[in-house]
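Student: got a sequence here, can you build the structure:
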Amino acid sequence: MLRVGGVAITAGRKADDNRPTIRVGYGKLLKLFREKAGMSQEALAEAVDYSYEQTASIEQGRRPTKARFAEQAEEVLGAGGALAVLQEDVDRAKLPLFFQDFALIEAEALSRPAYDPLLIPGLLQTEAYARALFSAHCPPLDDETIDQHVDARLSRQKLLTRTPPVELSFIIGDSALHSMGDRAVMNDQFTHLLEVGKRRNVEIQIMPADRGFHPGLNGPLVLLETLEHRQVGYVESQEVGVVVTDPGKVSAFAMRYGKLRTQALSTEESARLIERLAGEQ
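Tutor: Sure thing, here's the model as predicted:
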C-alpha cells in the first residue's frame, strides 16, 4: 500500500505483474486527481501536451512518468505537490533492479569518489553517450527500455547540482576516452566533461594507460560517505552490483582510491588532455 497526502492507494497486483509498485501507485494517484478535477484521460492528455496513449499508460502504471509530465499535471490538476513528490522514486524505479539500492544511498551522499577504468561514469555521461551504451546492450533492449534507462541515468545527474553540494571525485581510465567509435558522440562528451569539471564540487582526473600495475586493475569502485558519516563501498560488473558495508573492505577501497589519486594526472593535466582529444575529433 502506498500512502500519499493521507490517501491510501492499494495496488491490487497480480502475482505475475512486473510493473514497479511506485509506478502503479503513481498512476492510481494521478487517476484520483484527474477524476476529482472532472477530467477525462483525453482532456488531461491534451492539457499536458501528451498523447492519449501515453497518458493512459502512465495512469495504468505501464509507462513511467517524466518530470515534464508531472510538472504539467500538477498544475492542471491542482495536485498540491502530491505527484511531484513521487517523481524521484518513479525515476529511481527506471534504474536496473541491481542498482536501485545503491542509487537510494547515493542520492543523499555527502561525498562520492569513484574510479571507472573503461567507461565515462554515468553521472558524467551525455544523453548520446548513455544511449549508445544502452543500445549496445546484450541481450538487446527494446526502444522503450532504452529510453527509460537513459532518462533514469540523466535524472541521477541532479546529484551534480544538489544543494547542499556533494563532493564528487572521478578518476577515469584513459581507455574510456578512446572506447567509443562515434566521433561526434565523443566530442560532445569531452566538451561535457570539461564543463562539469569546472564545478567547485567536481574533480575529474585521468589515469594514463602507461602507469603499469596499479590498485585499479581489479576493476571499478565507488565510495560514499552517508549522512551519518559512514563509509559505504560499491562494486559493479556485468550487471551485478554489490553495496559493501564491511568496515575492513571499505577501508581497503579507500586506501586503493587514495593511491589511484596520486598516480592519476592532476585535474589541470586531465583537463588539458581532454581538450587535446577534443581538438583531434
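Student: what about the stretch 151-281 of the chain, any weak spots by pLDDT?
Tutor: 281 (pLDDT under 70).
Student: swap that for the stretch 1-150 of the chain, please
Tutor: Counting by pLDDT under 70, the stretch 1-150 of the chain shows low-confidence ranges at 1-16.
Student: any chance you could map the strands in it?
Tutor: Here the stretch 1-150 of the chain has its strands, by DSSP state E, counting those that start in this stretch, at 2-4, 7-9, 111-116.
Student: and the contacts of the last one?
Tutor: By Cβ atoms under 8 Å, 6 or more residues apart in numbering, the list of residues contacting strand 111-116 from outside reads 106, 121, 159, 166-173, 176, 207, 216, 220-225, 257, 260. C-beta coordinates here come from the backbone N, C-alpha and C atoms, glycine included.
Student: mind redoing it with 7 Å?
Tutor: By Cβ atoms under 7 Å, 6 or more residues apart in numbering, the surrounding residues in contact with strand 111-116 are 106, 121, 166-173, 176, 216, 220-225, 257, 260.
Student: count of residues packed around E280?
Tutor: 10 (other Cβ atoms under 10 Å).
Student: show me where the protein has helices.
Tutor: Counting by DSSP state H, residue ranges of the helices within the chain are 21-36, 41-48, 52-59, 67-77, 87-93, 97-106, 127-135, 143-156, 183-196, 247-263, 267-280.
Student: mind checking how far the longest one is from the chain centre?
Tutor: A distance of 24 Å separates the C-alpha centroid of helix 247-263 from that of its chain, computed with Cα atoms, centre = their mean, to the nearest Å.
Student: does anything pack onto that helix? Which helices or strands?
Tutor: When contacts are defined as 3 or more Cβ pairs under 7 Å, 6 or more residues apart in numbering; DSSP states H and E, helix 247-263 sits against strand 111-116, strand 202-207, strand 221-225, strand 231-237.
Student: in a markdown table, list those strands along with mean neighbour count and distance to A82.
Tutor: Conversion of the helices and strands packed on helix 247-263 to a markdown table gives the following (neighbours: other Cβ atoms under 10 Å; distance: least, Cβ to Cβ, whole Å):
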| stretch | mean neighbour count | distance to A82 |
| --- | --- | --- |
| strand 111-116 | 21 | 30 |
| strand 202-207 | 22 | 34 |
| strand 221-225 | 21 | 30 |
| strand 231-237 | 17 | 31 |
